[in-house]
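> Next come a sequence and a model predicted from it.
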Amino acid sequence: MELTGWVKTYDWGKQGIQSAVAQLAMANDPDFVLNDEETYAEMWMGTHFCGVSIVKETGETLDRVLKKDLPYLFKVLSIRKALSIQVHPNKCEAERLHQERPEIYKDDNHKPELSIAITPFLALVGFQPLDAIIDYIDEFQPLTKLIGQEAVEELHEKRDTEALKNCYEIMMKADEKDIAKCIKDIAKNNKAELKRNELLDIFNKINQDFPNDVGTLCLFFLNLVRLKPGQAIYLGANEIHAYLDGECVECMACSDNVIRAGLTPKYKDVEQLISSVIFDGAEPTSKFFMPYRIDDTVQVFVPPVDDFAVMHVNIRHIVDSYKLQMQAFGSILLTLTGSRILKLNTTEGPKEITLSRGSIVYIPVEAAPEIEFLHAEDCGEDFTAYIATYNYFRKA
């Protein structure tokens, strides 16, 4: 089944045709009307009730056709300015938060997620090693003043997660005027230090987009990770992060639960974030999530959860056809480049679907044990697609 994705126009998205979300939506849906002034942030592919995909042929929603929800939600993100400082709750927390505050936490599921860069991508991911955080606090004296000498000295002495949690909590809960003064003092007096640590442009950009927001100061606590196209990060429950710039495909458990604490006009649940977040520090290189390669054409990102896995398919244009082994689980394919004819089995018998940039296809259970990518007439460039599916690779 060919699908239409659900486009989200959040403020942080890239504008007009600059957005990959808009480009893919235009290629996918002839009825999509581009607004050059609109910010196109996300395209959702799946059955989550906040953005259900539509079956092109019938106009029905995918969940109605399947008569069930998929365990994952597949997305494309186009980021112009920072998303919130956030964590996603674990399953137990999600159930409790949804029961207590359903207007904020809209479902009861956890939300581990995998993001694969399709352009150069910048993100804050997890806490830095303790020594690096201490060095930053010492180097940027306005930060020491904001947190307080007593807490900073305790961090120096104990060098443990409890002392780190205390410093971070003090900063996140500080008075808005004190936060604003800290940011202004750093911007005025610490330009050389920011530049030496390769933070000047990022600090100024975040502060420009979110003036005097405490999230700007998270640059001194969290790892700054730069992804090249094809590289990925995996974010388990309670891992603090914020996407800053770039475009990616993203897959997650079927949930929209986010605990936010900065860089957002939305509700900030600082208490819950402090309670939930993992304060263990690690080097930024440890945040890269590596796929394993099936063959020269396909590699698979296999997270440590059952909800989802993502296959990256890259077929060279000189290859006549390629057969991909699939298990009997419903999957969603998104085409980024090139053109192929997808041959697969359905309840109505064998079917062929022409794929090109923007094509979104639901691959049914009946397609197992294999689908085939045939040569198309317009096949002058390599074919690239991502396929989200249930994580049957963990049991292989």
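Yep, it's here. Numbers count the residues shown, from 1 in each chain.

> Which parts of the protein are helices?
For the chain, applying DSSP state H gives helices covering 20-28, 62-66, 91-100, 130-139, 141-147, 149-158, 161-172, 176-189, 191-196, 200-209, 270-276.

> Need the winner for burial among those helices.
By mean neighbour count, with neighbours taken as mean count of other C-beta atoms under 10 Å, helix 20-28 ranks first of these at a mean of 21. Glycine gets a C-beta too; all of them are placed from N, C-alpha and C.

> pLDDT of it, averaged?
Per-residue pLDDT over helix 20-28 has a mean of 97.

> swap in stretch 130-139?
Stretch 130-139 shows a mean pLDDT of 97.

> now swap in stretch 57-64 and tell me
On average, stretch 57-64 scores 95.

> Can you give me the distance of the residue in the chain sticking out farthest from the centre to Ile363?
Outermost residue of the chain with respect to the C-alpha centroid, by C-alpha atoms, centre = their mean, is Glu150; its distance is 36.8 Å. For Glu150, the distance to Ile363 equals 58 Å [C-beta to C-beta, to the nearest Å].

> what bits of the chain have low per-residue confidence?
Low-confidence segments of the chain (pLDDT under 70): 396.

> Quick check, Phe288 in contact with Gly230.
No. The criterion here is C-beta atoms under 8 Å, and Phe288 misses it with Gly230 at 11.0 Å.

> was I right about Gly16 contacting Ala25?
No. Applying C-beta under 8 Å as the test, Gly16 and Ala25 come out as separate, 11.6 Å apart.

> Which residues are in contact with each of these two?
Common contact partners of Gly16 and Ala25 (C-beta atoms under 8 Å, 6 or more residues apart in numbering): Tyr40.

> OK, contacts around Ile118?
So Ile118 contacts 20, 76, 229, 247-249, 336 (C-beta under 8 Å, 6+ apart).

> Dump the helices of the chain to TSV, plus distance to Lys81.
Shown next, in TSV, are those (distance: least, C-beta to C-beta, whole Å):
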stretch	distance to Lys81
helix 20-28	15
helix 62-66	31
helix 91-100	27
helix 130-139	23
helix 141-147	23
helix 149-158	31
helix 161-172	20
helix 176-189	17
helix 191-196	19
helix 200-209	4
helix 270-276	20
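
> closest to Ser359 out of those helices?
Smallest distance to Ser359 across the helices of the chain (C-beta to C-beta): 6.8 Å, for helix 20-28.

> and the closest one, how far out from the chain's middle?
How far helix 20-28 lies from its chain's middle: 18 Å, per C-alpha atoms, centre = their mean, to the nearest Å.

> got it, and stretch 356-369?
With C-alpha atoms, centre = their mean, you get 22 Å for stretch 356-369.

> Please apply the same query to stretch 6-15.
Here stretch 6-15 is found 14 Å from its chain centre; the criterion is C-alpha atoms, centre = their mean.

> same question, stretch 47-55
Taking C-alpha atoms, centre = their mean, the mean C-alpha location of stretch 47-55 is offset from the chain mean by 18 Å.

> May I see the buried residues of that stretch?
Within stretch 47-55, the residues scored as buried using 16 or more other C-beta atoms under 10 Å are 47-48, 51-55.

> Could you export the longest strand anywhere in the chain as PDB, CA atoms only?
Counting residues, the longest strand found in the chain (DSSP state E) is strand 241-253. The C-alpha atoms that make up strand 241-253 are tabulated as PDB, following Å, rounded to 0.1, in the frame of the first residue of the first chain:
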ATOM      1  CA  HIS A 241      19.200  15.200  24.600                       C
ATOM      2  CA  ALA A 242      18.300  18.000  22.300                       C
ATOM      3  CA  TYR A 243      18.500  18.100  18.500                       C
ATOM      4  CA  LEU A 244      20.000  21.400  17.400                       C
ATOM      5  CA  ASP A 245      20.300  21.400  13.600                       C
ATOM      6  CA  GLY A 246      20.100  19.200  10.500                       C
ATOM      7  CA  GLU A 247      17.800  16.600   9.000                       C
ATOM      8  CA  CYS A 248      17.300  12.900   9.900                       C
ATOM      9  CA  VAL A 249      15.100   9.900   9.600                       C
ATOM     10  CA  GLU A 250      13.900   8.800  13.100                       C
ATOM     11  CA  CYS A 251      12.200   5.700  14.400                       C
ATOM     12  CA  MET A 252      10.800   5.100  17.800                       C
ATOM     13  CA  ALA A 253       8.400   3.200  19.800                       C
END
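
> Show me what it is packed against.
Under the contact criterion of 3 or more C-beta pairs under 8 Å, 6 or more residues apart in numbering; DSSP states H and E, strand 241-253 touches strand 72-79, strand 85-87, strand 113-117, strand 121-127, strand 222-227, strand 309-315.

> Now these in JSON lines, please, with extra columns for distance to Phe140.
Shown next, in JSON lines, are the helices and strands packed on strand 241-253 (distance: least, C-beta to C-beta, whole Å):
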{"stretch": "strand 72-79", "distance to Phe140": "26"}
{"stretch": "strand 85-87", "distance to Phe140": "18"}
{"stretch": "strand 113-117", "distance to Phe140": "29"}
{"stretch": "strand 121-127", "distance to Phe140": "16"}
{"stretch": "strand 222-227", "distance to Phe140": "14"}
{"stretch": "strand 309-315", "distance to Phe140": "38"}
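
> what about those strands, which gets the closest to Lys184?
strand 85-87 (19.7 Å).

> which residues touch the closest one?
Under C-beta under 8 Å, 6+ apart, the answer for strand 85-87 is 124, 215, 218, 237-242, 258-264, 273, 276-277.

> cool, stretch 257-265 as well?
For stretch 257-265, the external contacting residues (C-beta under 8 Å, 6+ apart) are 11, 82-89, 94, 97-98, 105-107, 109-111, 172, 206, 209-210, 213-216, 218, 242, 266-270, 272-274, 276.

> do the same with stretch 134-144
By C-beta under 8 Å, 6+ apart, the residues outside stretch 134-144 that reach it are 128, 147, 152, 155-156, 159, 167, 171, 181-183, 185-186, 189-190, 193, 197, 217, 220-221.

> My guess is Leu355 contacts Ile341. True?
Yes. Counting by C-beta under 8 Å, Ile341 is a contact partner of Leu355 at 7.1 Å.
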